[in-house]
Each structure stands twice: as C-alpha cells, then as structure tokens.
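Undergrad: the amino acid sequence is not available; the structure is as follows:
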C-alpha cells in the first residue's frame, strides 16, 4: 500500500506536499494526531532523532495536536507510536475500547 492508501484506510486527511510544504511537514491529520507514515518491508529503526523530527513537524503543523508515527511493516503489520503520557490519558478517559 502507498502512504496515501494508508492515510485513506485510517480516515485521515492527507497534507498537501507532505514533508515539502512550509507548514504541514507531516503526512496527515487524524483525530487529535498529526501522523507521519513510514512503510518498510521488514523492519524500521526508531531513534531519538526520528521521534524528535516527528514532534517538531507536529509543532510546526498544529500545536493543538499530538504527534504520532504509523509504521507499516510488510504491508500488513500496522503499529502506532505515541508518547506514553498520551496513551495514559487515552486509557484514563476510557478511549481505549
């Protein structure tokens, strides 16, 4: 699947010229998240630098939203990376169902 297909699959709103635009540096907006999509066949390495860029891009795009990373492995496995405090907030508010 393409990045565009993944964004459509989750019901997100794709940012025009994602990564190249002056303001919308990330790939999409979904719910209260600014999403960056990474697609790889078998593995993806997450580093502090990668996460820092995602956070910075989110701040440049919309300071009221939270950063998230959607990692798609092999076109089948989909993982979300969000800050732990955000996960705790979602669980606390009962949005984990």
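TA: Perfect, thanks for sending it. Being a predicted model, the structure only gives us computed values, none of them experimental.

Undergrad: any idea how far residue 10 is from residue 72?
TA: 11 Å (C-beta to C-beta, to the nearest Å). For every residue, glycine as well, the C-beta is placed using N, CA and C.

Undergrad: who has more neighbours, the two?
TA: Legend: neighbour count by other C-beta atoms under 10 Å for residue 10 and residue 72, higher for residue 72 (21 against 15).

Undergrad: partners of the helix or strand containing that one in the sheet?
TA: Assessed by DSSP states H and E, residue 72 sits inside strand 66-73. Paired neighbours of strand 66-73 in the sheet (DSSP bridges): strand 33-40 (parallel), strand 77-81 (antiparallel).

Undergrad: I'd like those strands as JSON lines, with mean pLDDT, distance to residue 62 and mean neighbour count appended.
TA: Listed next are those as JSON lines, based on pLDDT from 0 to 100; distance: least, C-beta to C-beta, whole Å; neighbours: other C-beta atoms under 10 Å:
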{"stretch": "strand 33-40", "mean pLDDT": "95", "distance to residue 62": "6", "mean neighbour count": "22"}
{"stretch": "strand 77-81", "mean pLDDT": "96", "distance to residue 62": "18", "mean neighbour count": "13"}
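
Undergrad: can I get the ones you listed in TSV with distance to residue 58?
TA: Below are the strands paired with strand 66-73 laid out as TSV (distance: least, C-beta to C-beta, whole Å):
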stretch	distance to residue 58
strand 33-40	4
strand 77-81	12
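
Undergrad: nearest residue to residue 65 in space, please, no chain neighbours.
TA: In this structure, residue 65 finds its nearest non-sequential neighbour in residue 34, 4.8 Å apart by C-beta to C-beta, 6 or more residues apart in numbering.
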